[in-house]
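> Sequence plus predicted model, see below.
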Amino acid sequence: MNKKIKVVITGKKGYNNKNGGIKPFGLLVYRLTGRGCETNTERMTKMTSTLYQAKVGDGFKMKGLNRKNSFFNTPKEAVSEAFALKERIDKRYKHGIEWDYTRKMTGSAKKVKILRGYLNGDKESEPFYLQIVTVDNSKEGILPVTPKKPKTITSKDEKVLDKVVKLFK
């Protein structure tokens, strides 16, 4: 939320009023959101950048999973969060999800499904998926957070990570 702050500057650079005294200038300055920023330039770049969010689609329950208010500065951080969510959903289904690393990434530039998985390898069922969503940081109050790190990353996961980073460059 932007707050207006009134700043009053007095001194020799003011203009004279009818009584001969110096009348102060009145300025309105906006306090920019962007906590943790040192300069106004840094605040402005953080406010206009693109953020990324990781989502996991549950093919069995037919709903998506993501951490609330989890937006990241880089696609690499979002993929790291997606793999942490992948571990969580694998644990929920007792590692019965077989992830298909051979399929291509699908979707638009705003929503890219990076990986699909099937419960017990049944490709006829609804797939589980990892998705990266891009969000413009034009809304106020969206602040990037640090991603959760997965406990283990396989070589196939690293290849997917590299593909996603190249895609968003």
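Perfect, thanks for sending it. Numbers count the residues shown, from 1 in each chain.

> rest of the way, CA atoms for contacts and neighbours
Fine.

> quick one, strands of the protein?
Ranges of strands within the chain are 3-9, 15-16, 22-23, 25-31, 50-58, 63-65, 97-100, 106-107, 111-119, 128-136, based on DSSP state E.

> I'd like to know how many residues surround the closest residue to residue 87 other than its chain neighbours.
Spatial nearest neighbour of residue 87, excluding adjacent residues (Cα to Cα, 6 or more residues apart in numbering): residue 150 at 7.0 Å. Neighbourhood size, residue 150 [other Cα atoms under 10 Å]: 16.

> my read: residue 150 touches residue 79, true?
No: applying Cα atoms under 8 Å, one finds residue 150 not in contact with residue 79, separated by 10.0 Å.

> Quick check: residue 59 touching residue 130?
No: contact criterion Cα under 8 Å: residue 59 and residue 130 do not qualify, at 11.0 Å.

> Just want to know which of those two has more residues nearby.
Neighbours were counted for residue 59 and for residue 130 using other Cα under 10 Å; residue 130 has more, 23 against 17.

> For the more buried one, list each beta-bridge partner.
residue 56, residue 115 (DSSP bridges).

> which ones are touching it?
Counting by Cα atoms under 8 Å, 6 or more residues apart in numbering, residue 130 touches 54-57, 82, 86, 113-116.

> can I get the CA coordinates of stretch 148-165 in CSV?
Output of stretch 148-165 as CSV, limited to C-alpha atoms (Å, rounded to 0.1, in the frame of the first residue of the first chain):
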residue,chain,number,x,y,z
LYS,A,148,11.9,-24.6,0.2
LYS,A,149,14.7,-26.9,-1.0
PRO,A,150,14.0,-30.5,-1.9
LYS,A,151,15.9,-33.1,0.1
THR,A,152,17.2,-35.0,-2.9
ILE,A,153,17.5,-33.9,-6.6
THR,A,154,18.0,-36.6,-9.2
SER,A,155,20.0,-36.0,-12.4
LYS,A,156,16.7,-36.0,-14.3
ASP,A,157,15.4,-33.3,-12.1
GLU,A,158,18.5,-31.2,-12.8
LYS,A,159,17.9,-31.6,-16.5
VAL,A,160,14.4,-30.3,-16.1
LEU,A,161,15.7,-27.4,-14.0
ASP,A,162,18.2,-26.5,-16.8
LYS,A,163,15.4,-26.6,-19.4
VAL,A,164,13.1,-24.3,-17.4
VAL,A,165,15.9,-21.8,-16.8
